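K.L.:
Coordinates for the following, if possible.
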Amino acid sequence: MYTLDAIIEIASDGTYSVYCKEDIFSGAGDTIDGAKKDMLSQMEFYKKTAIEQGFKYPSFLDGPFEVNYSVDSVSLMRYYVKKGFFSLAGMEKVTGINQKQLWAYLNGTKPRKTQMKRIETGFLALKNDLNMLYANG
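P.N.:
Okay, the predicted model is just below:
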């Protein structure tokens, strides 16, 4: 089965985009699910148009395929803060980065590599804590 790798990002206006790392497909929407659905719809439209127009298209579109989605850390942080799941104070506790700096990252400042690593490490620690809930289940 063919597997596509896709990145999900949140824009500063709160909309979401998804794009394939090595294929031409992308989508956008007001939600993550909306962006995913849009990309899959665009893929189907591309195939349909290719068939109608008589040009080649990627053969994986004829069979089953899967998409592995990943979200960059800053977009994930924006998502959780925007949805109200985390406050900047909560994100400070998760990442160890002060709220003023986190606010800057949420509003367009690109984190340095070391700061990005701290955000990723914080999310991984949170994931591990949440996984413990089901460890004995």
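
K.L.:
Got the domain ranges for the chain?
P.N.:
Residue ranges for the domains of the chain, per automatic domain parsing: 2-71, 73-132.

K.L.:
What is the helix or strand hosting Asp38 packed up against?
P.N.:
In this structure, Asp38 is located in helix 32-53 according to DSSP states H and E. Helices and strands touching helix 32-53, by 3 or more CB pairs under 8 Å, 6 or more residues apart in numbering; DSSP states H and E, are strand 2-10, strand 16-20, strand 26-29, strand 65-71. Placement of C-beta: from N, CA and C, glycine included.

K.L.:
Can you tell me the strand partners of the shortest one and which way each runs?
P.N.:
It stands for strand 26-29. Using DSSP bridges, the strands paired with strand 26-29 in its sheet are strand 16-20 (antiparallel).

K.L.:
could you measure Asp13 against Lys37, distance?
P.N.:
19 Å (CB to CB, to the nearest Å).

K.L.:
Neighbour count for the two, which is higher?
P.N.:
A direct count of neighbours by other CB atoms under 10 Å for Asp13 and Lys37 places Lys37 higher, at 14 against 5.

K.L.:
show me the contacts for the more buried one.
P.N.:
Counting by CB atoms under 8 Å, 6 or more residues apart in numbering, Lys37 touches Gly27, Gly29.
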